[in-house]
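In: Got a sequence here, can you build the structure:
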Amino acid sequence: MAAAAALEAAAPTDALWGLVHDFVMGQQEGPADQVAADVKSGNYTVLQVVEALGSSLENPEPRTRARGIQLLSQVLLQCHSLLLEKEVVHLILFYENRLKDHHLVIPSVLQGLKALSLCVALPPGLAVSVLKAIFQEVHVQSLPQVDRHTVYNIITNFMRTREEELKGLGADFTFGFIQVMDGEKDPRNLLVAFHIVHDLISRDYSLGPFVEELFEVTSCYFPIDFTPPPNDPYGIQREDLILSLRSVLASTPRFAEFLLPLLIEKVDSEILSAKLDSLQTLNACCAVYGQKELKDFLPSLWASIRRESSQRRTILEMLLGFLKLQEKWSYEDKDQRPLNGFKDQLCSMVFMALTGPSTQLQLVGIHTLTVLGAQPDLLSSEDLELAVGHLYRLSFLEEDSQSCRVAALEASGTLAALYPVAFSSHLVPKLAEELRVGESDLTRGDGPTQCSRHLCCLQALSAISTHPSIVRETLPLLLQHLCQVNKGNMVARSSDVIAVCQSLKQVAEKCQQDPDCCWYFHQTAIPCLLALAVQASMPEKEPSVMRKVLLEDEVLAAMVSVIGTATTHLSPELAAQSVTHIVPLFLDGNVSFLPENSFPSRFQPFQDDSSGQRRLVALLMAFVCSLPRNVEIPQLNQLMRELLELSCCHSCPFSSTAAAKCFAGLLNKHPAGQQLDEFLQLAMDKVEAGLGSGPCRGQAFTLLLWVTKALVLRYHPLSSCLTTRLMGLLSDPELGPAAADGFSLLMSDCTDVLTRAGHAEVRIMFRQRFFTDNVPALVQGFHAAPQDVKPNYLKGLSHVLNRLPKPVLLPELPTLLSLLLEALSCPDCVVQLSTLSCLQPLLLEAPQVMSLHVDTLVTKFLNLSSSPSMAVRIAALQCMHALTRLPTPVLLPYKPQVIRALAKPLDDKKRLVRKEAVSARGEWFLLGSPGS
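Out: Residues are numbered from 1 along each chain as shown. Prediction:
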């Protein structure tokens, strides 16, 4: 028995010895992997491997020793995670000692140390010990490339895992690395070495007295001169080396005194690539260097830059970086500013860029001009006049230079706030003349080119309205232009009026930060807009097409936007002044505060049968629903009753909807109490009477919807009753589809009323509360509803879920997903689109749950990718793309089917559909491939 056990124990040792012999003496490579596999499986320990290698490691022949250490190192590279701390200690001591061995042995020793540098069980202090031994015993640059690369890997591994220990070496570590890197020529190694230097600096290792030495050992490669050989298997490009070295050179201001003279020298080089690299490196340095580092070199740097004409864009980018940097510097004396001595040449260079042939050059020129203008005393009055002229020209560029035009408008706004006098003197008169010419062109009905210039002019006027003094010039121009429409002096289309209103809104937004400017805009623009609208609403003997433009839905909506924006930022005191004029205008016809208030008949929007006057209730809504909550509204009781009456008038849906929204907006802000209860009771009586039967059912439903929203937002107790009433209408043959769409309104943010900006009471988690209170009833109603009514419930549910914050939806997803999938089969495109929009983020955020329904999802998404609706096709393809985030094994069975099916939308007649199809099909093609 004892003999058998001994034989059994000896068997693996004999087998191991045989593998060692085959590798060391037989020069076979396969046994190394076999030994590593046996160690991983537990057949042998690393100690047994060392014992089996004993004679090889002590052999007097260097090649044999090298072969033995090579086997041990290859095993450690595969098994380092299995080592115990005490084993690591002994192995480190062994390998450090072998660094003194014959040069043939060193490559295998370094491989072993690389394996040990990856050990989690490495005791403190040994990383420092290994690096000291390498620095002391190994002349790295005499080694082959692959062995030098191994040394860099060892250093990288220790810097990643033993940073504090290495920092304990102080500047000795930096000096040791300088010796290692000095003379390196191989691009594969340089990429790693540059990365190490960057980490030395960025992670705050001590450089000690070796700053210049570290600079010299890296800057000697500047500028990079490397052409990759044909069919290079390593794929290293010249650009990789350039960017890596640049990140080192620009990483610390401590290099400035050495680097800047080098860059100035290279800027003057006749080699184009050296010039470009130098300028781009200077640009990178501007983000890091400070005043102290740059100011001494600025004269010679500027002299070199002025001589350079072939790289204007790069020079400007570098100057832009420098200007941004100078903004952070403080000076007691303006003459201390480094660029003040070169401002004339600098401006000349910027202005040349603004007239350059390249869009990219012009863009950099515009950005540089903006930053240049922010520097005190750099732009003279003559420079400003030239700058304004350039910005004027760039603001009217054609469509293919849209990015330049937008940048010029933005720059104009920034600089106008800093130099209002220059813009008032030089730009506003030009724009006023352009607007006058545009009016003449519109009078003649000229073509689209002139209309485009007219639009550009309006945008420029609003863009420069960034200073109160300029607003006092641009606002009258815009309002006067709008008056020309009302007087019938132009062949105006609704789009022209809307464009003016959009410019007015932008001016109003710019005024919001200045209370005085905000009040000036409000008391100037609002009476003018109201007067124009009232005049247009008056009956005429000969109806004017041009005046009626002002009463179109889209135009009134644009005016609503202006009035709301001009009101939201008023102080309560000023708002209270305004409300005493505007509410009596609508209730009593008091037009005394309006300019040019001589009208042919009374203004009575609530009594008059004229739909024109009633339509202007939308403008009243914009004003009163944007007031601060604590502003008292005169004649509120009468106003609410008039709004309620008009809201159920069936002759003008636009007016009745505006009245319902206005009533709801006031209801939302009204403090709790008896008066609010009375208003609510009046509204419910009106709703129930209107919903019964007759021509006003649609208007009564709209009133119900807006009142419900007003109460849902503020958590009013009656909101649950109104929501239940709304759910009941889902079964109504006439109102069911509209009731389903109503859930979208309840969950969405509005733009004109019931907004936080307009001071409405909007509780922060109203959507979550609405979901919790109402979705169970919607689900129950769906299951109980007749087949022809189920789509309405699905539509309502889809709208609620689509607008719910996803973290709230995810826990409920397992119970609701089956209903969402059923909604995809609903023939209503709105339901399909809403459901797809809801499902797409869920595919990304809840892949495990969605994986359970992958078969249904694939089928339905592919079917909808052929929908008649372009929006549905796009959303379905986006969902097909998102499906690829599910676990790959779940998707692979569907890959052939999906790739075939997605070939069809590749030929879709709409470009946006084709784009999504390409993206989705590409992801499915890559599914399951290596690295995907």
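
In: show me what contacts the closest residue to Asp182 other than its chain neighbours?
Out: Spatially, and ignoring its direct neighbours in sequence, Asp182 is nearest to Val217 (5.3 Å; Cβ to Cβ, 6 or more residues apart in numbering). All C-beta spots, glycine's among them, are computed from the backbone N, C-alpha and C. Applying Cβ atoms under 8 Å, 6 or more residues apart in numbering to Val217 gives the contacts Ile178, Met181, Asp182.

In: Pretty sure the second one sits against Phe194.
Out: No: here Met181 does not reach Phe194: they are 9.2 Å apart, not a contact under Cβ atoms under 8 Å.

In: For these two, list the residues in contact with both.
Out: Thr218.

In: right, and the secondary structure at the residue nearest to Asp182 would be what?
Out: Using DSSP: H, G, I helix; E, B strand; the rest coil, the structure places Val217 in helix.

In: how close does it get to Cys456?
Out: 56 Å (Cβ to Cβ, to the nearest Å).

In: With Ile498 instead?
Out: 15 Å.

In: Please apply the same query to Ala903.
Out: Applying Cβ to Cβ to Ala903 and Cys456 gives a distance of 44 Å.

In: Check Ser108 too.
Out: The spacing between Ser108 and Cys456, counted by Cβ to Cβ, is 73 Å.

In: Of those two, give the one with the bigger neighbour count.
Out: Higher neighbour count among Ser108 and Cys456: Ser108, with 23 against 19, using other Cβ atoms under 10 Å.

In: which ones are touching that one?
Out: By Cβ under 8 Å, 6+ apart, the contact set of Ser108 is Ala66, Arg67, Ile69, Gln70, Ser73.

In: Using PDB, write out the CA atom coordinates for the helix or strand the last one falls within.
Out: Take DSSP states H and E as the rule and Ser73 turns out to sit in helix 62-79. Extracted as PDB, the C-alpha positions of helix 62-79 are listed here (Å, rounded to 0.1, in the frame of the first residue of the first chain):
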ATOM      1  CA  PRO A  62      23.500  30.600 -20.100                       C
ATOM      2  CA  ARG A  63      21.200  29.300 -22.800                       C
ATOM      3  CA  THR A  64      19.900  26.500 -20.600                       C
ATOM      4  CA  ARG A  65      19.400  28.900 -17.700                       C
ATOM      5  CA  ALA A  66      17.500  31.300 -20.000                       C
ATOM      6  CA  ARG A  67      15.300  28.400 -21.300                       C
ATOM      7  CA  GLY A  68      14.500  27.300 -17.700                       C
ATOM      8  CA  ILE A  69      13.600  30.900 -16.600                       C
ATOM      9  CA  GLN A  70      11.600  31.300 -19.800                       C
ATOM     10  CA  LEU A  71       9.400  28.300 -18.900                       C
ATOM     11  CA  LEU A  72       8.800  29.600 -15.300                       C
ATOM     12  CA  SER A  73       8.000  33.100 -16.600                       C
ATOM     13  CA  GLN A  74       5.500  31.800 -19.200                       C
ATOM     14  CA  VAL A  75       3.800  29.800 -16.400                       C
ATOM     15  CA  LEU A  76       3.700  32.900 -14.200                       C
ATOM     16  CA  LEU A  77       2.200  35.000 -16.900                       C
ATOM     17  CA  GLN A  78      -0.800  32.700 -17.100                       C
ATOM     18  CA  CYS A  79      -1.000  31.800 -13.400                       C
END
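
In: May I see the buried residues of that helix?
Out: Along helix 62-79, these residues count as buried under the neighbour rule (16 or more other Cβ atoms under 10 Å): 64-79.

In: ok, now stretch 738-758?
Out: Across stretch 738-758, burial judged by 16+ other Cβ under 10 Å covers 738-744, 746-747, 750, 752-755, 758.

In: Between all of these, which two are separated the most?
Out: Put simply, by Cβ to Cβ the two of the buried residues of stretch 738-758 set farthest apart are Ala740 and Gly758, 27.2 Å from each other.

In: circling back to that earlier point, of the buried residues of helix 62-79, which is the nearest to Leu113?
Out: Closest to Leu113 out of the buried residues of helix 62-79 is Ser73 (8.4 Å), distances taken as Cβ to Cβ.

In: From the chain's centroid, how far away is stretch 907-920?
Out: How far stretch 907-920 lies from its chain's middle: 24 Å, per Cα atoms, centre = their mean, to the nearest Å.

In: Give me the contact list for it.
Out: Looking at what lies outside stretch 907-920 - Cβ under 8 Å, 6+ apart - the contacts are Ser865, Met870, Arg873, Ile874, Leu877, Gln878, Met880, His881, Thr884, Leu902, Pro905, Leu906.

In: which ones are touching the second one?
Out: For Met870, the contact set (Cβ under 8 Å, 6+ apart) comprises Lys910, Leu912, Val913.

In: could you check the distance from the second one over to Gly356?
Out: Same thing as Leu912. Look at Leu912 and Gly356: by Cβ to Cβ, they are 34 Å apart.

In: With neighbour numbers in mind, choose between those two.
Out: For Leu912 versus Gly356, neighbours defined as other Cβ under 10 Å are more numerous around Gly356 (16 against 13).
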